[in-house]
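Chemist: could you look at this predicted model? Sequence included:
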Amino acid sequence: MTCSSRILLPFALWPENPPSLSISSLFINLASDDLITGTNDGFIVCWKIVSDHQKIIPRLMLIGHTDQVLFIVASISTHKLEHFVSISDNDGEIKLWNNEDGRCIEHIETNLKHRCVQSLYYQLTNESFLICSGCYSEILIYDMHTLEIKFALTTSNVNADWISTFSVFQKINVPENIMVTGLLDGGCVKSWTFDPRTVTSNTAIESTNIGNNNNILPIDIKENESKEIRASFGSIIVPCDEYQRMILIVHCQDWQIFDGIDFTELCSYTTNERDIVKKEHWINGYFPTSSLVILFSARGYGHIFRLPENATFLNPKYRSQHNKTDMQLPQWLCRLSVGNELQLARTPIYCCHTISNHCQIYRADSSGQISVWNINLKEFSTNTDLIPISSISYQNVWSHALTNIRTIRKIFNKVYYSFHFFSQI
């Protein structure tokens, strides 16, 4: 009988240049200081935010998918981020990850093209939901821990348009109901209201192959209300976090503010050749407060506007003008700029949070750079460009890591030569 005393040592080989980590998705949880980025090559990088949002440190790199990581989301039930979900582009592969050690816990291949993804924590049953819409006519609601489809929000139309975007929220006074507002490609708004504890209807969903691997059908839920509005293909719905009744709908060339109760249009902004933002194509937006809105453009800029009084919730003049010809226009205030917008190969990704009149804005771009703004909403410069308070890139991180490795190698070499010298004495 022989015994082996061999020791297996893992090695990491670091080239001079980092992998091509063009950022395609971004998720932030400020409660736990976690930031997660996905890339066009399928990598996922987990970061920690330190020093009052002025420093970001990478801690994990995961080989997540074989395709572009299109979405990263998580449902937050505590201050600690335990799990997150990543979704790839072409095959719609969904993976559930452990945020602590980077293990892939569960994964499924949906073969669906997802265009809008959000998460929701339902406190009454301690459930986390993953909600998706895309190149299909339903809004699919997954159990975030098992990745099984629990509900399918469908329309009453036989040949319904695809649902390009949606918003989801719960009313404070009616926490048991989940409310979802979806915008179809044809410009129709539909809403669903349901209690996931009591809704039952295992009805086969017509004209689709949506289902789970275990042949358990998701519960089919039809819409409660429907209304036609002025919208175009690829529009985005953005609700106001402070007052969810306010809805921003973003189109390529213009944007509108609606009252979510009945989708009455309150104001709109259309770019023209004489406008200061005439070259911008809008891709997304955010409400820092009920009176301010930030519009993000495909070129990589952010523009801050002040809403008119009739479009600001709790203002005495809210909804005072119903005639579109008499509507007041939003006021342009300033622009967010990093300085590398002309060099970007793809549209940047944005993530925003507002805490105590301070708005933190994170922008991740195709060069692998993450830029951070921290804007005091009570006093900030107007009619000018606001630059980030900090930036970090994969290239900086890689170079710093190589410098540390070389330093450690020099130290070990000195220790070795010293030991070798004294051993000869």
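Modeler: Cool, the structure landed. Residues are numbered from 1 along each chain as shown.
Chemist: mean confidence score for stretch 79-97?
Modeler: What stretch 79-97 shows for mean pLDDT is 90.
Chemist: now could you export just the CA positions of it as CSV?
Modeler: Extracted C-alpha coordinates of stretch 79-97, given in CSV (Å, rounded to 0.1, in the frame of the first residue of the first chain):
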residue,chain,number,x,y,z
HIS,A,79,-30.4,44.8,5.1
LYS,A,80,-28.2,41.9,3.9
LEU,A,81,-28.2,40.9,0.3
GLU,A,82,-28.2,37.1,0.3
HIS,A,83,-29.2,36.2,-3.3
PHE,A,84,-29.5,37.8,-6.7
VAL,A,85,-30.7,36.8,-10.1
SER,A,86,-29.1,37.3,-13.5
ILE,A,87,-30.7,37.0,-16.9
SER,A,88,-28.9,36.5,-20.2
ASP,A,89,-30.0,38.1,-23.5
ASN,A,90,-30.7,35.7,-26.3
ASP,A,91,-31.6,32.5,-24.6
GLY,A,92,-33.3,34.1,-21.6
GLU,A,93,-31.3,31.9,-19.1
ILE,A,94,-32.1,32.8,-15.5
LYS,A,95,-29.6,32.0,-12.7
LEU,A,96,-30.0,32.4,-8.9
TRP,A,97,-26.7,33.2,-7.1
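Chemist: now do the buried residues in that stretch.
Modeler: 81, 83-89, 92-97 (16 or more other CB atoms under 10 Å). All C-beta spots, glycine's among them, are computed from the backbone N, C-alpha and C.
Chemist: how about those in CSV, adding distance to E109 and secondary structure?
Modeler: Below are the buried residues of stretch 79-97 laid out as CSV (distance: CB to CB, whole Å; DSSP: H, G, I helix; E, B strand; the rest coil):
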residue, distance to E109, secondary structure
L81, 25, coil
H83, 19, strand
F84, 18, strand
V85, 14, strand
S86, 13, strand
I87, 11, strand
S88, 9, strand
D89, 13, coil
G92, 7, coil
E93, 5, strand
I94, 8, strand
K95, 10, strand
L96, 13, strand
W97, 16, strand
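Chemist: and which of these is nearest N111?
Modeler: G92 (5.9 Å; CB to CB).
Chemist: which stretches in the stretch 101-250 of the chain count as strands?
Modeler: 104-109, 114-122, 127-134, 136-143, 149-154, 163-169, 178-184, 188-194, 219-222, 225-228, 236-239, 246-250 (DSSP state E, counting those that start in this stretch).
Chemist: quick one: closest of those strands to H281.
Modeler: Using CB to CB, the strands of the stretch 101-250 of the chain put strand 246-250 closest to H281, at 10.2 Å.
Chemist: what about the closest one, average pLDDT?
Modeler: 93.
Chemist: show me the shaky parts of the stretch 51-200 of the chain.
Modeler: 53, 77-78, 158-159 (pLDDT under 70).
Chemist: just to revisit the earlier point, possible to save the strands of the stretch 101-250 of the chain as JSON lines with mean neighbour count?
Modeler: Shown next, in JSON lines, are the strands of the stretch 101-250 of the chain (neighbours: other CB atoms under 10 Å):
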{"stretch": "strand 104-109", "mean neighbour count": "14"}
{"stretch": "strand 114-122", "mean neighbour count": "19"}
{"stretch": "strand 127-134", "mean neighbour count": "22"}
{"stretch": "strand 136-143", "mean neighbour count": "23"}
{"stretch": "strand 149-154", "mean neighbour count": "23"}
{"stretch": "strand 163-169", "mean neighbour count": "23"}
{"stretch": "strand 178-184", "mean neighbour count": "23"}
{"stretch": "strand 188-194", "mean neighbour count": "20"}
{"stretch": "strand 219-222", "mean neighbour count": "18"}
{"stretch": "strand 225-228", "mean neighbour count": "12"}
{"stretch": "strand 236-239", "mean neighbour count": "20"}
{"stretch": "strand 246-250", "mean neighbour count": "23"}
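Chemist: adding distance to I36, write these out as a markdown table.
Modeler: A markdown table is the format used below for those (distance: least, CB to CB, whole Å):
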| stretch | distance to I36 |
| --- | --- |
| strand 104-109 | 14 |
| strand 114-122 | 13 |
| strand 127-134 | 15 |
| strand 136-143 | 19 |
| strand 149-154 | 24 |
| strand 163-169 | 21 |
| strand 178-184 | 25 |
| strand 188-194 | 29 |
| strand 219-222 | 31 |
| strand 225-228 | 35 |
| strand 236-239 | 21 |
| strand 246-250 | 24 |
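Chemist: ok, which of the ones you listed comes nearest D34?
Modeler: Comparing the strands of the stretch 101-250 of the chain by CB to CB, strand 114-122 comes nearest, at 14.0 Å.
Chemist: what pairs with that closest one, parallel or antiparallel?
Modeler: Strand pairing for strand 114-122, determined by DSSP bridges: strand 127-134 (antiparallel).
Chemist: run through who's touching the strand it pairs with.
Modeler: Residues from elsewhere that reach strand 127-134 (CB atoms under 8 Å, 6 or more residues apart in numbering): 73, 75, 77, 85, 87, 92, 94, 112-122, 139-145, 147, 150, 162-166, 168, 180, 182, 196.
Chemist: what inclination does it have with respect to strand 178-184?
Modeler: Using axes from the mean of the first three to the mean of the last three CA atoms, to 10 degrees, the direction of strand 127-134 lies 10 degrees away from that of strand 178-184.
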